[in-house]
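> what's the 3D shape of this:
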Amino acid sequence: MKAIKQSAGILLYRRKNNGVEFFLVHPGGPFWAKKDVGAWSIPKGEFIDEDPLEAAKREFLEETGKMPAFKHFIKLSPVKLKSGKTVHAWGAEGDVDETTIRSNTFQLEWPPKSGKIIQVPEVDKAGWFTPDKAIEKINSSQAAFITELANLVNL
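Down below sits the predicted model:
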C-alpha cells in the first residue's frame, strides 16, 4: 500500500506599516529560475511518522537556515494538491531577514537525461509580501493559507 504523501510548513507573518506581511520562499534550481508569479511557497516539506508541527518547524529551518522565536502557532486548514499530497500549515508571527537565508541543497540531474549532476538549493530566495502580493506570488494551491490566516489575524 502506497503511503499518502504529506507536507508541513509554516506561514510566517509580521505586522508592519499598519498591515501585515507574509514570508514566502522561492524554489531553487534551473526549472524555477525564471518563474515568479505562482511559483512561491510557504517553507514546507514532506514528513512521515513525525508530528506535523515538528516537521513544519524542521522544514522551516532546513529551507531558510533560520528559526524565529515563534510566539504561538495557528493551525490552518490543510489543502490538497492536484498530486494528491496534503499540505498542513501553521501561521506564526515572527520575523526573519529574508536577505540572509541559507537553504539545504539537493542533487539534480540537469539537463534532464544528461547524466550531469548539479547541487541546487531547495530555496533560492525569500521575501515578505502584502496579502494581495502574496496571493499573486504563491502557488495557487496554497493561496487559501494566506486568505485564512489574514482573516484569523483580523486584517
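
> for the chain, which segments count as strands?
Taking DSSP state E as the test, the strands found in the chain are 6-16, 19-27, 44-46, 73-75, 79-80, 86-93, 105-109, 117-121, 123-129.

> which residues does the lengthiest helix in the chain contact?
Scanning the chain for the helix with the most residues, using DSSP state H, yields helix 52-64. Contacts to helix 52-64, defined as CB atoms under 8 Å, 6 or more residues apart in numbering, come from residues 6-10, 12, 25, 43-45, 47, 50, 66-67, 70, 73, 88-90, 96, 101-104, 122-123, 126. All C-beta atoms are positioned from the backbone trio N, CA, C, and that covers glycine.

> re the thing from before, so which of the strands of the chain is nearest Leu149?
Taking CB to CB as the criterion, Leu149 comes closest to strand 86-93 out of the strands of the chain, the separation being 4.1 Å.

> what about Phe31, how many residues close to it?
Residues near Phe31, counting by other CB atoms under 10 Å, number 13.

> for Phe106, see how far away it is.
With distances defined as CB to CB, to the nearest Å, the gap from Phe31 to Phe106 amounts to 12 Å.

> does Phe129 touch Phe22 like I think?
Yes - taking CB atoms under 8 Å as the contact criterion, Phe129 and Phe22 are neighbours in contact, 5.5 Å apart.

> which ones are touching Ile10?
So, once contact is read as CB under 8 Å, 6+ apart, Ile10 ends up touching 42-44, 56-57, 59-60, 70, 73, 89-92.

> ok so, going back, Phe129 and Phe22: who's more crowded?
The residue with the greater number of neighbours, taking Phe129 and Phe22 and applying other CB under 10 Å, is Phe22; the counts read 25 against 18.

> name the residues of stretch 59-74 that are buried.
Of the residues in stretch 59-74, Glu59, Phe60, Glu63, Thr64, Lys66, Pro68 count as buried by neighbour count, 16 or more other CB atoms under 10 Å.

> which one of those residues sits closest to Ile118?
Distance to Ile118, by CB to CB, is smallest for Glu63 among the buried residues of stretch 59-74, at 18.6 Å.
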